[in-house]
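A.B. asks: Model the following, please.
(2 chains)
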Protein chains: 2
Amino acid sequence: MREGGAAAAGRKNGVLSPCAACKLLRRRCAQDCVFAPYFPADEPHKFANVHKVFGASNVNKMLQELGEQQRSDAVSSMVYEANARIRDPVYGCVGAISSLQQQVDSLRAQLAVAQAELVQLRMREPNSSTHLASSNHQANVGESLWSC
Amino acid sequence: MREGGAAAAGRKNGVLSPCAACKLLRRRCAQDCVFAPYFPADEPHKFANVHKVFGASNVNKMLQELGEQQRSDAVSSMVYEANARIRDPVYGCVGAISSLQQQVDSLRAQLAVAQAELVQLRMREPNSSTHLASSNHQANVGESLWSC
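C.D. replies: Okay, the predicted model is just below:
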């Protein structure tokens, strides 16, 4: 009896096989299955993690609300989030955001120090033409920093 | 009839009120409700968004698997992720990760440029004692960059 349903039907045909989602949910994998293009049978953990974190019904709803050209990116981002939540059940991918934000803050501080040093060194420079050319370059570096 | 259940009971007592989760799920809010400490009745959207993205059953399971001292952080990160997914259904908070990663890459490149300029300027400096002191400082800045 456990061999019935879509999986067995897929094996009988020798070609059709249920996607990883339908296999896990033990349901028939229809021709227009919303999961099938993104959760192939040979990557069962991809769907298992997304199902564990978001739930198949929510993933189905979220995909149905998007255009087909956006679904692949949406699935990739959900898989990323789900894997992060399974690795770190407390912070999930918000942990990565916090760590990156700290890196941004630290790099900004280091860049400010380096720029302040550059200004001091240029003020001490005897060659005024080199000084001017270098100052212009420095201004551009500063502008691109704050436009981040 | 719609006034029955936990919400009405809460109002009758004048003190007890179901948490936002139990109110949305229309269930009795037990004394040891796992949601109640984190989803107060006066913040209904907080739970509604988490429920829409993760599903109440998954949130319940995730909280039950954590120690009580970790649950508050877990709820905060889930609320953050859920809000991000509702704002951006395609990328969710992975969009923020991608943007921060680009900022880190850009800042690292700018810092490398600034550090290369510092080295050039120091090599042209006539005063060797200032040069040495400044070089040591620069080495520290470099070390802290790559340890990010």
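
A.B. asks: Output the lowest mean pLDDT helix or strand found in chain A.
C.D. replies: Sorting the helices and strands of chain A by mean pLDDT, DSSP states H and E puts helix A:5-13 at the bottom, at a mean of 40.

A.B. asks: Can you give me the buried ones in whatever helix or strand A:Leu24 lives in?
C.D. replies: Assigned by DSSP states H and E, A:Leu24 belongs to helix A:20-25. By neighbour count with 16 or more other C-beta atoms under 10 Å in any protein chain shown, helix A:20-25 contains the buried residues A:Ala20, A:Ala21, A:Cys22, A:Lys23, A:Leu24, A:Leu25. For the C-beta atoms, the positions are set from N, CA and C on the backbone; glycine is no exception.

A.B. asks: So which elements touch that helix?
C.D. replies: helix A:5-13, helix A:44-54, helix A:56-64 (3 or more C-beta pairs under 8 Å, 6 or more residues apart in numbering or on different chains; DSSP states H and E).

A.B. asks: please redo it, this time with the cut-off set to 7 Å
C.D. replies: helix A:44-54 (3 or more C-beta pairs under 7 Å, 6 or more residues apart in numbering or on different chains; DSSP states H and E).

A.B. asks: Output the helix it packs on as PDB, restricted to C-alpha atoms.
C.D. replies: This file holds the C-alpha atoms of helix A:44-54, laid out as PDB (Å, rounded to 0.1, in the frame of the first residue of the first chain):
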ATOM      1  CA  PRO A  44      14.800  16.000  -1.500                       C
ATOM      2  CA  HIS A  45      16.400  18.100   1.300                       C
ATOM      3  CA  LYS A  46      15.700  21.400  -0.500                       C
ATOM      4  CA  PHE A  47      12.000  21.000  -0.200                       C
ATOM      5  CA  ALA A  48      12.200  19.200   3.200                       C
ATOM      6  CA  ASN A  49      13.900  22.200   4.800                       C
ATOM      7  CA  VAL A  50      11.500  24.800   3.200                       C
ATOM      8  CA  HIS A  51       8.600  22.700   4.300                       C
ATOM      9  CA  LYS A  52       9.900  22.400   7.800                       C
ATOM     10  CA  VAL A  53      10.400  26.200   8.200                       C
ATOM     11  CA  PHE A  54       7.600  27.700   6.100                       C
END
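
A.B. asks: does any part of it sit near chain B?
C.D. replies: Yes. Using C-beta under 7 Å from any C-beta of the partner chain, helix A:44-54 reaches chain B at A:Val53, A:Phe54.
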